[in-house]
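A.B. asks: any chance you could fold what I've pasted below:
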Amino acid sequence: MKLFQSPYADDMLRHPLFHLDVRAVSWAWPPRRFWQYSRRILLVVHVAIFLLWALLSVLDAANNPFGPADYRFAQYFLVNNVNFFYFVMFVAIAANTLLDFRSLQLGLKTINGEITAGRWDLLRLTALHERGIVRAKHAGARLRVWRITMVIVSARLATVTIGLFATLVAPYLFTGENVITEGLLDSFIQEPLPMLIVLLIGAVTAAVYVVEPFWRMQAMTALGMALSAHIQNAALGMLAAVGGMVAVWLLQVIVVITLVLILGVVLGSLLAPVMIYASSPLGATMYILFACVVTALTIYGFYSLLEILSLVRVLRRIDKAH
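C.D. replies: Here you go, the predicted structure:
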């Protein structure tokens, strides 16, 4: 699994099965329209969240109990901004539930759908390679769930971009000052290297937060295909999809707990004396950067492994069916 992979990757349009799937999705044909539609979703979601934030900010400034000359005016405005973006962030993360279910649902229709339509035996008689068939069906499933994935990714990106604007720029427009920006500038002057590391930590965290739905969608559609290859009954397939979704969530909880124990308890306790008595925050920021990178690689590795194992199960199932 690549860091970011379009359904059109690896020149899928040359494969007749993917060509058949993409022709059934009007907004995705031709590929140029697919990218235009994706950019349109990105723009619409950004504009919607920005307008909502701007409206709430104006109402907030109008109903602020403190006068513009009062320093508490800026604090009140900043706290409400942070609460708004926490809410948007929570909604964007909670939308993973819908993304998981939709990805599994569409993945279930790949192999099972061909069998139900009576086309599977015909596919096995063609000269198409089995691995190519699996890749094409996986790309077709990803294409069908692309729209909801783009909405979630756009909401997450809007949370980051508009959040930065609301935190670093907007306070000057509403209050005439910004203690956060001034504090950051002072910190850069005093400790430039630790602050650069803090920016890198923020960049890595934001990148993973934005791109994670793509990884999740690729893995969950592959899991849906694995279930589709083993279960032909539609009702049992949906029950298995719900069970698979819950199992993935439980595995993620276990991975998170393991990371916290290793990075936070074990490694953190070993490095705590060094970081506490250090005269510079460089050691602490380096430790946080290391933990951030390890967490990012673990998230990517989890989804990558789930996708690979699921597609391997599909191929093995096909081999046994011969």
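A.B. asks: follow the chain on from the least confident helix or strand in the chain by mean pLDDT and name the next helix or strand.
C.D. replies: The helix or strand of the chain with the lowest confidence, counting by mean pLDDT, DSSP states H and E, is helix 268-276 at a mean of 60. Next helix or strand after helix 268-276 toward the C-terminus (DSSP states H and E): helix 282-321.
A.B. asks: show me which residues of that following helix are buried.
C.D. replies: Using 16 or more other CB atoms under 10 Å as the test for burial, helix 282-321 gives 283-288, 291-292, 295-296, 298-300, 302-304, 306-307, 310-311, 313-314, 317-318. From N, CA and C alone the C-beta is placed, and that goes for glycine too.
A.B. asks: from the contact counts, what lies against that helix?
C.D. replies: Helix 282-321 makes packing contacts with helix 130-144, helix 192-230, helix 234-259, helix 268-276 when contacts are defined by 3 or more CB pairs under 8 Å, 6 or more residues apart in numbering; DSSP states H and E.
A.B. asks: in the stretch 1-150 of the chain, which segments are predicted with low confidence?
C.D. replies: Applying pLDDT under 70 to the stretch 1-150 of the chain flags the ranges 1-3, 10, 64-77, 113-127.
A.B. asks: residues contacting the residue lying closest to Pro16 once chain neighbours are set aside?
C.D. replies: What sits nearest to Pro16 in space, not counting adjacent residues and going by CB to CB, 6 or more residues apart in numbering, is Leu128, at 7.4 Å. Leu128 sits next to 15-17 when contact means CB atoms under 8 Å, 6 or more residues apart in numbering.
A.B. asks: which SS state does Leu128 fall under?
C.D. replies: Of the three states, Leu128 takes coil under DSSP: H, G, I helix; E, B strand; the rest coil.
A.B. asks: how close does it sit to Trp146?
C.D. replies: 24 Å (CB to CB, to the nearest Å).
A.B. asks: with Thr298 instead?
C.D. replies: 25 Å.
A.B. asks: ditto for Phe101
C.D. replies: Going from Phe101 to Trp146 by CB to CB gives 16 Å.
A.B. asks: neighbour count: those two, which is higher?
C.D. replies: Trp146 (22 against 16; other CB atoms under 10 Å).
A.B. asks: follow-up on the earlier one: ok, so of the contacts of Leu128, who is nearest Ile201?
C.D. replies: Proximity to Ile201 was ranked across these by CB to CB; first place goes to His15, at 41.0 Å.
A.B. asks: which residues touch the closest one?
C.D. replies: The contact partners of His15, by CB under 8 Å, 6+ apart, come to 128, 132, 135-136, 139.
A.B. asks: how about 7 Å then?
C.D. replies: Counting by CB atoms under 7 Å, 6 or more residues apart in numbering, His15 touches 132, 136.
A.B. asks: among the contacts of Leu128, which lie within strands?
C.D. replies: The strands, defined by DSSP state E, take in nothing from the contacts of Leu128.
A.B. asks: which one is Phe50 nearest to, not counting chain neighbours?
C.D. replies: Ranked by CB to CB, 6+ apart and with sequence neighbours excluded, the top spatial neighbour of Phe50 is Ile162, at 5.3 Å.
A.B. asks: any idea which helix or strand carries that neighbour?
C.D. replies: Since the elements are taken from DSSP H and E, Ile162 ends up inside helix 146-168.
A.B. asks: elements contacting that helix?
C.D. replies: Counting contacts by 3 or more CB pairs under 7 Å, 6 or more residues apart in numbering; DSSP states H and E, helix 146-168 packs against helix 31-62, helix 71-94, helix 96-116, helix 179-190, helix 192-230.
A.B. asks: tabulate the CA atom coordinates of the shortest one in PDB.
C.D. replies: Spelled out, it's helix 179-190. What follows is helix 179-190, C-alpha atoms only, in PDB (Å, rounded to 0.1, in the frame of the first residue of the first chain):
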ATOM      1  CA  VAL A 179      -0.900  36.100  22.200                       C
ATOM      2  CA  ILE A 180      -0.200  32.800  20.500                       C
ATOM      3  CA  THR A 181       1.600  34.300  17.500                       C
ATOM      4  CA  GLU A 182       3.600  36.600  19.800                       C
ATOM      5  CA  GLY A 183       4.500  33.700  22.100                       C
ATOM      6  CA  LEU A 184       5.600  31.600  19.200                       C
ATOM      7  CA  LEU A 185       7.900  34.400  17.900                       C
ATOM      8  CA  ASP A 186       9.400  34.800  21.300                       C
ATOM      9  CA  SER A 187      10.000  31.000  21.600                       C
ATOM     10  CA  PHE A 188      11.700  30.900  18.100                       C
ATOM     11  CA  ILE A 189      14.000  33.700  19.200                       C
ATOM     12  CA  GLN A 190      15.000  32.000  22.400                       C
END
